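Peer 1: how would this look folded up:
(2 chains)
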Amino acid sequence: MHTDLKQNNFFSHIGKKILRSSEICGEIVVLVKRTFYWFFHAPLNRRNVFLQLLEMGARTFPVTSLTLFFTGMVLALQSGYSFIKVFNEPLYVGRLVGASICKELGPVLTSLVFAGRVGAAVAAELGTMKVTEQIDALYTLGTNPIKYLAVPRFLAAMLMLPLLVIYSDFIGILGGFLIAHLRFGIPPNVYFDEIYIMQIREVLHGLIKAVVFGLIIITISCYEGLTTEGGAEGVGQSTTSAVVVSMVLVLVGDYFLTALLVAFRIG
Amino acid sequence: MIQISDLFKCFGRKIVHQGISFEVDKGEVLTIIGGSGSGKSVLLKQIVGLIKPDQGKISIDQKDIVHLEEEELQEVQKMIGYVFQEAALFDSLTVAENVSFGLYNLLKFSEHEAKKIVQDKLSLVGLSGIENLKPAQLSGGMKKRVGIARAIALNPKILLYDEPTTGLDPVMSDVINDLILKLKKETQTTAIAVTHDMKSAYKISDRIAMLYEGKILEIGTPQQIQNSKNPILRQFISGSSFGPIPIPGHKNNEHRN
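Peer 2: Numbers count the residues shown, from 1 in each chain, chains lettered A, B, ... in the order given. All right, here's what the predicted structure looks like:
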């Protein structure tokens, strides 16, 4: 009898979790649908879009640059020594740094930094607005919060993340060059020739990932912010959840997206 | 002007309203009193269309607003000014931008017209000259008054005040009460205020309604409410911990008046 009750509780718990997860997925789809609806059916609030572009782009650039600069340096250092061990000289350092950064590390690392910085900021800002009734105030003043808050953030994230990735790729390749040249004596023309032979679709591979990751991060962050409940504690939970879920989805999504892009021969 | 009939609202298993009905006449100030968590703010949010009731009818100017689509609801919202409990000013905007927010979004005023209205409304609430300050630079009383200025910027026919004096010192509370009376006199707006501040309720109201266990327990003029024999109402307006109102975790309420 006791075991039956325990089993029932277990299944009821699992059932509730599954129902809640399906509900959340549905709510996220509705949020994305409504955001795209307002994007195409209402004039853009240019001031808000500009502020978001500034916040997400210009203010995230230094952190992503630093991250990719050192990643490029580490890649060059590791690959240089590995190739010396195998071939007795540091071959293909430029090729390896370029391809790794443009196709994989550039979009993924930039997205992770973006999720930590922008995702947290968006969830915290919208969450605070929710618990202090500012979202309700928007409704009473004739403004749809999705139109006013979500649309500029979606647009800015999906524009800015690919741009940040392009900048970061560039900085990462420079970081790699610094080590390749100073540590292994690879001449600039050799290093950059290996970069130049990269095909446009390899760069496109990284940029497509950036757009999708931007959409994932901003959707999760806006959703967490707009559904915040329970005062300061709730804002904290939403912020943490936005960052953790975004990062996990970026990493998991990266595999599937790579598989898909490779299947379509993009990169 | 406002008719509420047979309103029901639940959140999960918690029943908040179970058959609320009342009417508010044009130009009247009705105050709804009731304990914390009794559903006063939820009632206001249903009237402005922020929350949909599970059952019942809310009519404003003979128009049922419960089943309106977003665009139609927006037309009704133009008639309503909502003063939030914590003012709910937009942190990232200045006072002037806060007050003029609805003017641009709902009524499409030009910048010059909006600026003039902002100055007039801030002067009406006694806060001229603070247009360029941010909400973080204002005191609690100033925030409430800016919230009122924002609510009246559209010249609404109806004003909804959610606990207008909560968290303010007695003097500032009286300033807000005077402001509500001044607005009533000068603009003839119909108003519903929710509060548990009895001093404020007696001062600003034409009628007072007590919300208790999801229903309107009693409704009447401030005089009638003060003279009521209902023990629940008596305990509430006297602010005593002894009486029939159950207080979780408090053992001294077995004694009955």
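Peer 1: tell me, what residue is most central in chain B?
Peer 2: B:Y161 (2.1 Å; C-alpha atoms, centre = their mean).
Peer 1: dump the residue contacts of the residue lying closest to that residue once chain neighbours are set aside.
Peer 2: In this structure, B:Y161 finds its nearest non-sequential neighbour in B:A193, 4.0 Å apart by C-beta to C-beta, 6 or more residues apart in numbering or on different chains. In short, each C-beta sits where N, CA and C put it, glycine included. Shown in contact with B:A193 (C-beta atoms under 8 Å, 6 or more residues apart in numbering or on different chains): B:29-32, B:160-161, B:164, B:180, B:200-201, B:204-205.
Peer 1: Can you tell me which of those end up in helices?
Peer 2: B:180, B:200-201, B:204 (DSSP state H).
Peer 1: Which strands and helices lie in contact with the helix or strand A:G80 falls within?
Peer 2: According to DSSP states H and E, A:G80 maps onto helix A:61-87. Applying 3 or more C-beta pairs under 8 Å, 6 or more residues apart in numbering or on different chains; DSSP states H and E, one finds that helix A:61-87 contacts helix A:93-100, helix A:106-114, helix A:151-184.
Peer 1: Tell me which residues touch residue 145, please.
Peer 2: In the absence of a named chain, this looks at chain A. A:135, A:138-139, A:226.
Peer 1: my bad, chain B
Peer 2: B:R145 touches B:125-127, B:175-176, B:179, counting by C-beta under 8 Å, 6+ apart.
Peer 1: just those residues now: which is nearest chain A?
Peer 2: Distance to chain A across these (C-beta to the nearest C-beta) is lowest for B:V125, with 16.8 Å.
Peer 1: Do I have it right that that closest one meets B:V146?
Peer 2: Yes: at 7.3 Å, B:V125 counts as touching B:V146 under the criterion of C-beta atoms under 8 Å.
Peer 1: quick check, nearest of the contacts of A:P145 to A:L163?
Peer 2: A:L226 (25.7 Å; C-beta to C-beta).
Peer 1: Show me which residues of the stretch 51-200 of chain B are close to chain A?
Peer 2: Residues of the stretch 51-200 of chain B found near chain A (C-beta under 8 Å from any C-beta of the partner chain) are B:70, B:74, B:77-78, B:80-82, B:84-86, B:88-91, B:101-102, B:105-106, B:150.
Peer 1: Could you dump the contacts of B:A193 into CSV with pLDDT added?
Peer 2: Output for the contacts of B:A193, formatted as CSV (pLDDT from 0 to 100):
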residue, pLDDT
B:V29, 93
B:L30, 95
B:T31, 94
B:I32, 94
B:L160, 95
B:Y161, 93
B:P164, 88
B:I180, 89
B:S200, 91
B:A201, 92
B:I204, 93
B:S205, 93
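Peer 1: Switch those over to CSV; also include distance to A:I166.
Peer 2: As requested, the contacts of B:A193 are exported to CSV (distance: C-beta to C-beta, whole Å):
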residue, distance to A:I166
B:V29, 60
B:L30, 60
B:T31, 60
B:I32, 58
B:L160, 50
B:Y161, 52
B:P164, 53
B:I180, 57
B:S200, 59
B:A201, 62
B:I204, 60
B:S205, 63
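Peer 1: what about stretch A:196-213, distance to the chain center?
Peer 2: Distance, stretch centre to chain centre, for stretch A:196-213: 15 Å (C-alpha atoms, centre = their mean, to the nearest Å).
Peer 1: Go through it and flag the buried ones.
Peer 2: Buried residues in stretch A:196-213, counted by 16 or more other C-beta atoms under 10 Å in any protein chain shown: A:198, A:203, A:205-213.
Peer 1: for the record, mean pLDDT for that stretch?
Peer 2: Taken as a whole, stretch A:196-213 has a mean pLDDT of 92.
Peer 1: what does stretch A:158-171 give?
Peer 2: pLDDT averaged over stretch A:158-171 gives 95.
Peer 1: same check, this time on stretch A:182-189
Peer 2: pLDDT averaged over stretch A:182-189 gives 94.
Peer 1: Same check on stretch B:14-25?
Peer 2: For stretch B:14-25, the mean confidence score works out to 92.
Peer 1: what stretches of the chain score poorly on pLDDT?
Peer 2: I went with chain A, as the question did not name one. A:1-3, A:5 (pLDDT under 70).
Peer 1: not quite, I wanted chain B
Peer 2: B:106-107, B:250-257.
Peer 1: can you do 80?
Peer 2: For chain B, applying pLDDT under 80 flags the ranges B:104-110, B:167, B:240-243, B:246-257.
Peer 1: where along it do the strands fall?
Peer 2: B:2-11, B:14-24, B:29-33, B:55-60, B:63-64, B:80-83, B:158-162, B:190-195, B:207-212, B:215-220 (DSSP state E).
Peer 1: Can you add distance to A:M56 and give those back as TSV?
Peer 2: TSV is the format used below for the strands of chain B (distance: least, C-beta to C-beta, whole Å):
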stretch	distance to A:M56
strand B:2-11	35
strand B:14-24	40
strand B:29-33	44
strand B:55-60	41
strand B:63-64	42
strand B:80-83	32
strand B:158-162	34
strand B:190-195	40
strand B:207-212	45
strand B:215-220	50
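Peer 1: A:V243: which of the ones you listed is closest?
Peer 2: Nearest to A:V243, of the strands of chain B and by C-beta to C-beta, is strand B:2-11 at 28.9 Å.
Peer 1: Check whether the closest one comes into contact with chain A.
Peer 2: No: using C-beta under 8 Å from any C-beta, we find that strand B:2-11 stays clear of chain A, coming within 11.2 Å at best.
Peer 1: which neighbours does that strand have in its sheet, and in what orientation?
Peer 2: strand B:14-24 (antiparallel), strand B:55-60 (antiparallel) (DSSP bridges).
Peer 1: so can I have CSV of those strands showing mean neighbour count?
Peer 2: Listed next are these as CSV, based on neighbours: other C-beta atoms under 10 Å in any protein chain shown:
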stretch, mean neighbour count
strand B:14-24, 17
strand B:55-60, 17
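Peer 1: can I get the ones you listed in JSON lines with distance to A:L19?
Peer 2: As requested, those are arranged in JSON lines below (distance: least, C-beta to C-beta, whole Å):
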{"stretch": "strand B:14-24", "distance to A:L19": "20"}
{"stretch": "strand B:55-60", "distance to A:L19": "25"}
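Peer 1: Quick one, which of the ones you listed gets closest to A:L260.
Peer 2: It's strand B:14-24; of the strands paired with strand B:2-11, that one is closest to A:L260 (C-beta to C-beta) at 45.8 Å.
Peer 1: What lies in contact with the closest one?
Peer 2: Against strand B:14-24 from outside (C-beta under 8 Å, 6+ apart): B:1-10, B:30, B:39, B:42-43, B:53, B:56, B:190, B:192, B:209, B:211, B:213-216, B:219.
Peer 1: If any of these are buried, give me the ChimeraX selection for them.
Peer 2: Typed into ChimeraX, the line below selects the buried ones among the contacts of strand B:14-24, using 16+ other C-beta under 10 Å:
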select /B:1,2,4,7,9,30,39,42,43,53,56,190,192,209,211,214,216,219
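Peer 1: sorry, back to before: kindly confirm whether my reading is correct that the residue nearest to the centre of chain B touches B:G81.
Peer 2: No: B:Y161 is beyond contact range of B:G81, at 9.1 Å (criterion: C-beta under 8 Å).
Peer 1: how much space between the residue positioned nearest the centre of chain A and A:V151?
Peer 2: Most central in chain A under C-alpha atoms, centre = their mean is A:S111, positioned 3.0 Å from the mean C-alpha point. Going from A:S111 to A:V151 by C-beta to C-beta, to the nearest Å gives 21 Å.
Peer 1: Equivalent analysis for A:H181, please.
Peer 2: For A:H181, the distance to A:V151 - C-beta to C-beta - is 45 Å.
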